[in-house]
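Undergrad: coordinates only, sequence not included:
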């Protein structure tokens with residue numbers, strides 16, 4: 001059991017993008033620790049099925065809020081609904097996000113706008129809205145899912161990579177700003193993970209080493225206990241994340257471009 005998370009038994013966690021993948025794995029872990037849940041995503045049936053499963057298995061309260069955080073003002077709508085239900089959030093996990101592996105002009109401007117809204121704007125707004133309650137109680141956890149792609153520019157994944165760089169630096173900055181507040185901030189940076197992300201991204205990740213969602217959750221628990229502000233999941237991913245400190249910016253861009261060029265699936 002996590003020494004830190006054990007302090008949050010009978011508290012409530014809000015998890016975005018909770019219907020599958022990493023978000024679902026976080027929900028299962030926290031429920032097993034006796035932490036009540038608010039689950040949100042677009043997939044109502046998947047959320048309800050997961051909620052039923054967790055209620056029966058772990059005897060925790062699970063609220064479902066169906067919402068698309070890629071839409072404008074959706075973060076405020078989510079916060080308002082939580083307030084309407086008279087719930088308090090002690091753990092926030094900003095997991096929802098998506099990317100596209102593509103030449104920049106092969107995606108629509110509206111797709112990029114939704115990506116920026118989901119990956120950046122909603123993350124920022126939810127932290128802003130839920131942080132005051134945690135500060136008042138001098139207790140809380142905010143986990144924002146970034147990516148190993150946050151450490152360098154990503155040709156063919158330009159907007160997604162830039163959005164995750166924002167999440168990384170934003171979370172680390174809050175960790176520094178509120179270091180003595182009692183609220184922990186953690187930027188989690190997974191690499192290739194066994195979820196449906198690559199299908200949505202239209203990416204060819206065949207032959208690439210991958211982690212499981214349980215690897216991500218287990219590493220998160222350890223990072224919280226060690227009071228880390230940043231977690232890169234997996235030793236090889238950590239080593240790769242250090243390359244920008246060694247190579248020049250130009251060499252790094254050229255290296256990544258060569259690695260990713262053949263990974264983009266032609267949309268036609």
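TA: Received it, and whenever you're ready, just let me know what you need. Just so we're clear, the structure is a prediction, and the values are computed from it rather than from any experiment.

Undergrad: residue 211 contacts residue 235, correct?
TA: No: look at residue 211 against residue 235 with C-beta atoms under 8 Å: they stay out of range, at 10.8 Å. Any C-beta I mention is one placed from the backbone N, CA and C, and that applies to glycine too.

Undergrad: looking at the two, which one has more neighbours?
TA: Per other C-beta atoms under 10 Å, whichever of residue 211 and residue 235 has more neighbours is residue 211, with 20 against 8.

Undergrad: next SSE after the lowest-mean-pLDDT helix or strand in the chain?
TA: Comparing every helix and strand of the chain by mean pLDDT, DSSP states H and E singles out helix 197-201 as the least confident one, with a mean of 51. Going down the chain from helix 197-201, the next helix or strand is helix 213-225, by DSSP states H and E.

Undergrad: now for that following helix, which elements pack on it?
TA: Counting contacts by 3 or more C-beta pairs under 8 Å, 6 or more residues apart in numbering; DSSP states H and E, helix 213-225 packs against helix 21-32, strand 183-189, strand 230-232.

Undergrad: quick one: those as TSV, columns for distance to residue 217, mean pLDDT and mean neighbour count too.
TA: Conversion of these to TSV gives the following (distance: least, C-beta to C-beta, whole Å; pLDDT from 0 to 100; neighbours: other C-beta atoms under 10 Å):
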stretch	distance to residue 217	mean pLDDT	mean neighbour count
helix 21-32	5	97	23
strand 183-189	9	97	24
strand 230-232	11	95	21
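
Undergrad: between these, which gets nearest to residue 71?
TA: Checking those against residue 71 by C-beta to C-beta gives helix 21-32 as the closest, at 18.0 Å.

Undergrad: helices and strands around the closest one, which ones?
TA: With contacts taken as 3+ C-beta pairs under 8 Å, 6+ apart, helix 21-32 sits against strand 12-16, strand 36-41, helix 44-58, strand 91-94, helix 213-225.

Undergrad: got JSON lines for those, with mean neighbour count too?
TA: JSON lines is the format used below for the helices and strands packed on helix 21-32 (neighbours: other C-beta atoms under 10 Å):
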{"stretch": "strand 12-16", "mean neighbour count": "24"}
{"stretch": "strand 36-41", "mean neighbour count": "25"}
{"stretch": "helix 44-58", "mean neighbour count": "16"}
{"stretch": "strand 91-94", "mean neighbour count": "26"}
{"stretch": "helix 213-225", "mean neighbour count": "19"}
